[in-house]
Every structure is written in C-alpha cells, then in structure tokens.
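A.B. asks: sharing a sequence plus its predicted fold:
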Amino acid sequence: MKLTETLEDFYTIKVNGMPENLKKEIGHFNVFKLDDFVGSICKPFPYTRKDFYKISLIIGKNKVHYADKISVIEDQALFFANPQIPYNWEQVDENQTGFFCIFTDAFFSQYGNLKEYPLFQPGGNPIVPISMELAESLKTVYLRMFDEINSDYAFKYDVLRNLVFEIIHLALKTQTVTTSLYSKSNATIRISSLFLELLERQFPIESITQQVNFRSPSEYANQLNVHVNHLNKALKETTGKTTSQIISERIVQEAMILLKQTNWNINEIAWCLGFEELSHFINFFKKNVQVSPKNYRLTEIV
C-alpha cells in the first residue's frame, strides 16, 4: 500500500503529464481549478499523505477524511493540507467548484515559516468554513495566482508566495485564534517552534524499519539544549499543553494512521513508534483512544 503520494504521482495520475522543470526546481508551485478534478469521470483522490502542501477553496457539499477524523463541508470552506497527515475528500453532491494551489516546503525556504501557523500545526483544524462573501474574495486571489504564474514577471514567485499568505491570513481572521503565542517572549516562542519542528521531523513513518528517535520530554529537551522544566513551561505558555501531552497526541495520531492505512502487524507499529514492549503500546493506545489497537483497526475496516 502506497503511503505517500509524490508530486510526480499527482501530475501523472491527475494531470496526465508533468511540468518539464519539475525535477529541476528547488521549490514547486502550481494552481488549478477544482472543477477539472471533480465529477464521475475523474479519478478519486487516494487516502494518503502527500509530499506537498495544498490549500483548497471548496464550494459544494463534501466529506473530508483527515487523519482519524471526518469533517463535512456543507457549503464552502478552505482546506489546508500538509505533508504530515494523510487525507482525501469525497464529493457529496454534483455541484462542485473551487480552486486549489499546491506547493513544496522548499518553495517557502527563507520566506516565512508556514509551520508556525495554527492551520498547519499538529492538532490544528485544517478546515475553515467561510461565508459566500469571503469565498468570492478568495476566488479573486486564486485568479490572481493564475495571472501571475502565466506572466513573464521576474519576481512572480514572490507575488505568489504573498498570495498564499493572503489566503492563510484571511482564513485565520475568520477563526478565534489565540494571541497568546505572540504575547510571549521571543525565546519562549522559539523553543516551542523548535520543539514542534523536531517532533514533526520524525514523521511520517513509511517503513517497518523506521523508528522514532525521541519519545520522552527529556530526550527532546536534550536535543534542544534546554532543561526539561523550561521546555515544559514554554509549551504550556504557548499551547496550553505539557510536553508529554503533545508527544502522546502525535504518537496516537500516527498510530491511528498506521492502523488504518497499512497492513503492518500491531507489533511492528508499536516498535516503529518507540515501544519495545507490545503490551506497553496496547495500554498506551487504549488509555488515549479507549479501545485496543486491534479493535480500532477492525472498526475502521468495517
């Protein structure tokens, strides 16, 4: 079972052809009309991780399968997908329209940090319901993307980066976003960001020979050259959660994904997630999900 869809897969399967410079680019960006990817003749999006980011303006009733959750889009929404979490979406009715853009992490190298935004952080909500008025404004932003990408302007990719950030900020303004992260000291914010980046760097797990390197708060603190109490305090201030809570939530999320998406046996999954004893993993999973890994997998398959 394929765990990650690459850009090459996307272009081969969905677009029937790859851009000439795809493999030579340092960072990739493109924009599409959603209308060309929906309907009975179109191939469904597989439930997989993608190795690229995707921001979609979806207008029409849909179901989005994201990590271990299912969300229903009733009218219109923005969907922010990142490479860490598998997803797909299925149209519920035939009346579908919208746009989406895709881009790689490298496209934003030294141009802001996408991972600092709640929409792309672990535990964040990537689906943002919007009004029809805002949907019309967002259509204009996507149409500007088409104009820029087809232009000869030497700095068009800088303009495109700005347009992506415009979408992100329009989405964030519709939500009740905590400002506590930005009211703390720069050192607190930096430690929290470095921790979350280090945590996410261990995922996705794509092979039964791959194992997470760090499991405990003290191991992360050592890597960041800070005292574990200092790390815990910084995370508590910026996220409202302890170091252990954040690590456990991410391990549970990855366990759910592997149980749902692979045919690996539970012992293999436990080892990949850093549990040397199967019983420890089963107890951990049951404590957090209220069912055993075996029963979770069975209910997902039914």
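C.D. replies: Yep, that arrived. Numbers count the residues shown, from 1 in each chain.
A.B. asks: make sure residue 101 is indeed in a strand.
C.D. replies: Yes. Assessed with DSSP: H, G, I helix; E, B strand; the rest coil, residue 101 lies in a strand.
A.B. asks: distance of the closest residue to it other than its chain neighbours from residue 92?
C.D. replies: The spatially closest residue to residue 101, leaving aside those adjacent along the chain, is residue 31, at 4.3 Å (Cβ to Cβ, 6 or more residues apart in numbering). The C-beta positions use only the backbone N, C-alpha and C, and glycine is treated the same way. When Cβ to Cβ, to the nearest Å is applied, the distance between residue 31 and residue 92 equals 25 Å.
A.B. asks: neighbour count winner among these two?
C.D. replies: Between residue 31 and residue 92, counted using other Cβ atoms under 10 Å, residue 31 has the larger neighbour count: 22 against 14.
A.B. asks: contacts for the helix or strand residue 193 falls within, please.
C.D. replies: When secondary structure is defined using DSSP states H and E, the element that contains residue 193 is helix 186-200. Defining contact as Cβ atoms under 8 Å, 6 or more residues apart in numbering, one finds that helix 186-200 is touched by 84, 113, 115-116, 121-122, 181-182, 214, 220, 223-224, 226, 230-231, 234-235, 237-239, 243, 246-247, 250.
A.B. asks: now swap in stretch 246-257 and tell me
C.D. replies: Residues from elsewhere that reach stretch 246-257 (Cβ under 8 Å, 6+ apart): 67-68, 85-86, 122-123, 195-196, 199-200, 203-205, 212, 215-217, 220, 235, 239, 241, 269, 273-274, 281, 284-285, 288-289, 293, 296.
A.B. asks: so how far is it off the chain centroid?
C.D. replies: Centroid displacement of stretch 246-257 relative to its chain, using Cα atoms, centre = their mean, to the nearest Å, is 14 Å.
A.B. asks: got the buried residues for it?
C.D. replies: Buried positions in stretch 246-257, judged by neighbour count with 16 or more other Cβ atoms under 10 Å: 246, 247, 248, 250, 251, 252, 253, 254, 255, 256, 257.
A.B. asks: the residue nearest to residue 101 belongs to a strand, doesn't it?
C.D. replies: Yes. Inclusion of residue 31 in a strand is indicated when three-state DSSP is applied.
A.B. asks: quick check: it vs residue 87, distance?
C.D. replies: According to Cβ to Cβ, residue 31 and residue 87 sit 19 Å apart.
A.B. asks: lowest-scoring secondary structure element of the chain by mean pLDDT?
C.D. replies: Every helix and strand of the chain was ranked by mean pLDDT, DSSP states H and E. The lowest is helix 180-183, at a mean of 43.
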